[in-house]
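# here is my input; please provide its structure:
(one chain, ligands or ions: 1)
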Amino acid sequence: MRVDVLTIFPDYLAPLDLSLIGRARRQGLLDLRVHDLREHTHDRHRTVDDTPYGGGAGMVMRPEPWGETLDAVVASGAGVPHLLVPSPAGERFTQAMARRLAGEPWLAFACGRYEGIDERVLEDAADRMPVTPVSLGDYVLNGGEVAVLAVVEAVARLLPGVVGNAESLVEESHEDGLLEYPVYTKPSSWRGRDVPPVLLSGDHGAIARWRHEQRLTRTGARRPDLLPPSAGLLADGLDIVVATRGDLPELLVLQWACWVGEGRSAGSFDIPPLAETLDDLVGSLDGWTTWVVRSAGRLVAAVRGRMSTDDRRTWETGRLMVAPDLAGRGIGRALLAHSESAAPAGTTRYWVNTGARSERNLRIYRKAGYRLQAGEGRYPGTVDLVKRAD
Ligand code: JEK
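This next block holds a predicted model:
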């Protein structure tokens with residue numbers, strides 16, 4: 001890959017002679033050329049900046065040295081480079097962009113200083129070559145050079161042969177959007193701090209679980225933006241509210257999603273929660289009280305309850321559902337308890353119904369104190385469970 005850097009501070013790029021990137025250059029994997037913009041000035045003071053038209057603080061880089069330097073760079077090779085322009089107003093530089101850039105044959109970087117480069121330089125370049133303003137992040141640097149060090153390092157290490165250990169790169173491609181786990185080496189005890197014992201246990205399953213847990217807790221603490229918005233939802237302190245008409249379209253979709261698994265384990269998709277329409281749900285608002293839980297605006301769980309129509313002492317709970325990514329957090333149990341707590345005085349029995357082969361649901365109901373009723377449940381392929389209300 002060829003890389004040209006245009007700057008008034010060529011010495012800023014000296015670190016690119018070092019370490020893996022330096023070796024890649026010596027091996028010819030990376031042809032990096034740094035150009036001093038002042039070599040293309042024609043006045044005694046080698047002027048590159050001037051005051052901004054329209055007023056305002058600071059100075060702006062004049063276009064002429066840029067035009068001449070870019071012309072010389074373009075003339076020195078075949079085709080045109082992709083011009084990257086570091087700028088606080090650029091597109092955010094990411095690993096995905098690094099991967100795209102690593103596939104290109106020729107990159108050039110225009111390092112501005114002061115308040116930036118006269119905009120016509122970018123327009124003039126864009127008539128001849130692709131131009132992309134890039135930003136390292138939301139903080140202010142004094143110029144583009146530090147951004148170029150970061151971008152060139154991130155791109156060059158993806159070039160074949162630059163990073164020796166192919167495995168290091170393979171592991172990185174398993175990007176799952178979580179931060180890395182913490183790493184340790186010898187000695188096992190240092191300044192009174194021991195390496196987490198699980199890492200010395202030789203139990204590879206336990207190590208993998210511990211590392212995954214570390215990644216989740218770190219990501220939640222340091223980069224919650226990387227987790228889905230509902231990731232932090234816990235069963236205690238759930239905001240359980242009575243459903244209204246406006247909740248029903250989402251509720252119907254969640255219900256369909258949740259009962260597909262039920263249909264699969266029952267061996268039939270001919271089951272009421274999957275056959276139901278929006279109108280059916282609207283109808284169910286009389287007779288049943290439905291409760292929903294939202295997290296970050298998303299409807300993630302629901303349940304409904306009513307007094308049995310043929311036995312005025314039995315409280316029925318149904319349509320208990322939790323979005324699949326939030327299963328296993330006790331949200332279903334909390335909703336079941338919420339429905340029970342809404343039963344009026346005089347209730348002697350709580351009743352639920354589930355697929356005869358829905359092991360997970362059966363376990364949850366049993367754990368909540370429900371006992372299986374003999375024989376088939378209210379619907380084909382289901383069982384009823386009851387619990388005494390005291
Ligand atoms: C290139 C000059 C310095 C400093 C004006 C900007 C809002 C107005 C230019 N992630 C990154 N941060 N900064 C840069 C970067 C900075 C540069 C240049 C890149 C050329 N400067 C400078 C201030 C301003 N303010 C913030 C208020 C403009 C960068 C990258 N990549």
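# setting aside sequence neighbours, what's the nearest residue to the closest residue to the ligand within the stretch 151-300 of the chain?
Residue of the stretch 151-300 of the chain nearest the ligand, by CB to the nearest ligand atom: Val151 (8.2 Å). C-beta: built from backbone N, CA, C; applies to glycine. Of all residues not flanking Val151 in the chain, Phe93 sits nearest, at 5.9 Å (CB to CB, 6 or more residues apart in numbering).
# how near is the one you found to the ligand?
According to CB to the nearest ligand atom, to the nearest Å, Phe93 and the ligand sit 7 Å apart.
# residues touching that residue, list them.
134-137, 147, 150-151, 154 (CB atoms under 8 Å, 6 or more residues apart in numbering).
# who wins for most neighbours among those?
Greatest neighbour count in these, by other CB atoms under 10 Å, goes to Ala147: 24 neighbours.
# could you find the closest non-adjacent residue to it?
Pro86 (3.6 Å).
# helix, strand or coil: sort out the one you found for me.
The three-state label given to Pro86 by DSSP: H, G, I helix; E, B strand; the rest coil is strand.
# how many residues are close by the nearest residue to Asp194 once chain neighbours are set aside?
With CB to CB, 6+ apart as the criterion, Asp194 has its nearest non-adjacent residue at 6.6 Å, and that residue is Ser188. Using other CB under 10 Å, Ser188 has 12 other residues around it.
# coming back round to it: I'd assumed Val152 was in contact with the residue nearest to Ala147.
No. Using CB atoms under 8 Å as the test, Pro86 is too far from Val152 to be in contact (11.1 Å).
# need the contact list for the residue nearest the centre of the chain.
Closest to where the C-alpha atoms of the chain average out (CA atoms, centre = their mean) is Leu226, at 3.7 Å. Leu226 is in contact with 177-179, 219, counting by CB under 8 Å, 6+ apart.
# what parts of the chain come near the ligand?
86-88, 90, 112-113, 115-116, 134-137, 139-144, 147 (CB under 6 Å from any ligand atom).
# from these, keep the buried residues only.
86-88, 90, 112-113, 116, 134-136, 143-144, 147 (16 or more other CB atoms under 10 Å).
# turn those into JSON lines, including secondary structure.
JSON lines is the format used below for those (three-state DSSP):
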{"residue": "Pro86", "secondary structure": "strand"}
{"residue": "Ser87", "secondary structure": "strand"}
{"residue": "Pro88", "secondary structure": "strand"}
{"residue": "Gly90", "secondary structure": "strand"}
{"residue": "Gly112", "secondary structure": "coil"}
{"residue": "Arg113", "secondary structure": "coil"}
{"residue": "Gly116", "secondary structure": "coil"}
{"residue": "Val134", "secondary structure": "strand"}
{"residue": "Ser135", "secondary structure": "strand"}
{"residue": "Leu136", "secondary structure": "coil"}
{"residue": "Gly143", "secondary structure": "coil"}
{"residue": "Gly144", "secondary structure": "coil"}
{"residue": "Ala147", "secondary structure": "helix"}
